[in-house]
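Colleague: Below: sequence and its predicted model.
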Amino acid sequence: MRELRDKARSLLDPVIRDFYEGGADSETALAENERAFARLALLPRILAGAGQASTAVRLLGADLDTPVLVAPTAFHRLAHPDGEVATARAAAAAGTVLIASMAATTAVAEVTAAARDVRPDAQVWFQLYLQPEPEVTAELVRRAEAAGCTALVVTADSPVFGRHGRDERNGFHDLPPGYAAENMRDLPGTPPGGTRPIAMSPALSWADLRRLRELTRLPVVLKGVLHPADAARAADEGLAAVVVSNHGGRQLDAAPATVEALPAVVAAIAGRIPVLLDGGVRTGSDVVTALALGATAVAVGRPVLWGLAAEGEDGVARVLRTLREQTAHVLTLCGARDRADLAPDQVVARGIREVPAC
Ligand SMILES: Cc1cc2nc3c(=O)[nH]c(=O)nc-3n(C[C@H](O)[C@H](O)[C@H](O)COP(=O)(O)O)c2cc1C
Ligand SMILES: CCCCCCC(=O)C(=O)O
């Protein structure tokens with residue numbers, strides 16, 4: 001992973017590298033996501049007779065080969081000319097979900113076609129920022145459905161776009177000429193062939209989410225959940241899953257590390273719907289830690305961008321394969337066959353000598 005990250009860093013234009021790697025404000029949340037995993041240790045169970053580990057997981061009715069999903073990230077063609085098509089092919093081959101960003105540089109229909117070309121049952125979910133104009137949101141949903149997406153992921157942590165100091169210093173405010181947010185083309189209110197900007201609105205509420213659910217039969221996943229009361233409400237309202245996320249440290253800089261927010265969310269959901277997590281997941285140990293704390297699966301953002309920038313489709317495939325192999329290895333070392341064999345008492349803070357009571 002480090003090798004791919006270093007290769008990506010050396011190949012990427014520094015302005016694009018800063019856009020991908022940067023976080024909000026002082027980048028505390030960004031750094032804490034990784035640091036919080038480093039502060040946690042795993043207590044293995046021994047002589048468990050678990051046998052061969054399995055990374056397979058069932059999520060929203062689909063069988064996946066790995067609990068590591070691809071988080072939605074914007075503008076993949078800035079990393080590699082094959083852009084989201086390469087990511088989609090690698091995710092499909094890895095047997096995982098690609099959460100396609102609304103801010104993709106490839107239209108969602110082309111993304112799903114690329115994934116299905118590799119694997120007819122490939123899972124592509126569409127990430128959505130609810131737009132203030134309902135007819136724009138409705139058209140985006142219609143397109144995601146027509147493209148064969150199997151879930152919608154509403155990102156709810158962005159009532160306003162985060163302040164990204166690196167982008168401000170670099171003057172990176174718009175896509176370079178020749179690139180566009182292709183899902184935003186030819187929407188209501190745009191001139192033919194034109195695109196409209198993605199809007200973020202602090203006026204959005206649970207009522208807008210309810211209206212969205214009336215528009216579609218697709219399962220709706222809520223991304224950006226950190227407060228247990230919001231998690232409980234998501235389950236009460238009939239959402240399909242939540243993603244514990246602080247947007248990779250790109251929105252509220254004072255937000256907690258996601259792995260630290262996870263246990264309270266898991267408790268609030270109480271098994272009613274799956275809980276996913278993203279932010280700072282870099283190794284199989286991170287994956288197993290999140291699973292032990294009650295996540296059904298995790299997602300990775302920047303590692304996929306590093307793989308894509310470094311080696312295109314092969315690089316993304318390598319990132320996903322490495323994480324799956326590491327996850328299986330760590331499960332085995334922990335005495336677990338799969339997630340069901342793990343328990344929260346196997347996650348302990350480093351430097352604290354207490355062990356769980358029998
Ligand atoms: C460059 C970049 C672009 C992103 N674009 C989106 C996006 O379009 N929609 C979204 O919901 N989240 C977006 N995110 C947040 C990711 O979905 C995810 O929450 C985050 O990257 C996870 O943290 P990690 O990068 O440490 O794995 C973006 C993150 C990065 C780094
Ligand atoms: C206003 C542009 C929206 C792009 C959204 C990408 C994103 O979420 C990010 O974190 O970057």
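Modeller: In hand now; what should we look at? Everything numeric in this text was worked out from a predicted model, so none of it was measured. Ligands and ions are numbered 1, 2, ... in the order given.

Colleague: and stretch 225-244, average pLDDT?
Modeller: Stretch 225-244 shows an average pLDDT of 98 in the prediction.

Colleague: can you check stretch 122-138 too?
Modeller: Mean pLDDT, stretch 122-138: 97.

Colleague: Format the CA atom coordinates belonging to it as PDB.
Modeller: C-alpha atoms of stretch 122-138 as PDB (Å, rounded to 0.1, in the frame of the first residue of the first chain):
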ATOM      1  CA  ALA A 122     -21.400  -6.400 -10.100                       C
ATOM      2  CA  GLN A 123     -22.700  -4.100  -7.400                       C
ATOM      3  CA  VAL A 124     -22.500  -0.400  -8.100                       C
ATOM      4  CA  TRP A 125     -24.200   2.000  -5.600                       C
ATOM      5  CA  PHE A 126     -24.800   5.600  -6.500                       C
ATOM      6  CA  GLN A 127     -23.700   8.300  -4.100                       C
ATOM      7  CA  LEU A 128     -26.000  11.300  -4.100                       C
ATOM      8  CA  TYR A 129     -25.900  14.800  -2.600                       C
ATOM      9  CA  LEU A 130     -29.500  15.800  -2.400                       C
ATOM     10  CA  GLN A 131     -30.000  18.800  -4.600                       C
ATOM     11  CA  PRO A 132     -32.100  21.800  -3.500                       C
ATOM     12  CA  GLU A 133     -34.200  21.500  -6.700                       C
ATOM     13  CA  PRO A 134     -36.300  18.200  -6.300                       C
ATOM     14  CA  GLU A 135     -36.500  17.800 -10.100                       C
ATOM     15  CA  VAL A 136     -32.700  17.600 -10.300                       C
ATOM     16  CA  THR A 137     -32.500  15.000  -7.500                       C
ATOM     17  CA  ALA A 138     -35.300  13.000  -9.200                       C
END
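
Colleague: That stretch vs ligand 2: in contact?
Modeller: No: using Cβ under 6 Å from any ligand atom, stretch 122-138 stays clear of ligand 2, coming no nearer than 7.3 Å. To be clear about C-beta, it is placed using only N, CA and C from the backbone, and glycine gets the same treatment.

Colleague: swap in stretch 144-163?
Modeller: Yes: against ligand 2, stretch 144-163 shows contacts by Cβ under 6 Å from any ligand atom at Phe161.

Colleague: how far does that stretch sit from the chain's center?
Modeller: Centre-to-centre, stretch 144-163 and its host chain are 11 Å apart (Cα atoms, centre = their mean, to the nearest Å).

Colleague: gap between the two ends of that stretch?
Modeller: This stretch, stretch 144-163, spans 29 Å end to end (Cα to Cα, to the nearest Å).

Colleague: Next: stretch 170-190.
Modeller: Length of stretch 170-190, first residue to last, Cα to Cα: 29 Å.

Colleague: I'd like the distance from that stretch to the chain centre, please.
Modeller: Offset of stretch 170-190 from its chain centre (Cα atoms, centre = their mean): 22 Å.

Colleague: Residues touching it, excluding its own?
Modeller: Applying Cβ atoms under 8 Å, 6 or more residues apart in numbering, the contact partners of stretch 170-190 are 14-16, 18-19, 74-75, 77-78, 102-108, 110, 133, 135-136, 139-140, 143, 166-167, 192-198.

Colleague: From the residues you listed, which land in helices?
Modeller: 14-16, 18-19, 108, 110, 135-136, 139-140, 143, 166-167 (DSSP state H).

Colleague: tell me the two of these that are most distant?
Modeller: Longest distance between any two of the ones in helices among the contacts of stretch 170-190 is 39.4 Å, between Pro14 and Glu135; criterion Cβ to Cβ.

Colleague: In space, what's closest to the closest residue to ligand 1 within the stretch 251-358 of the chain - neighbours in sequence excluded?
Modeller: Residue nearest to ligand 1 within the stretch 251-358 of the chain: Gly301 (2.1 Å; Cβ to the nearest ligand atom). Closest residue to Gly301 apart from its sequence neighbours, by Cβ to Cβ, 6 or more residues apart in numbering: Ala71 at 4.1 Å.

Colleague: Done for today, thanks.
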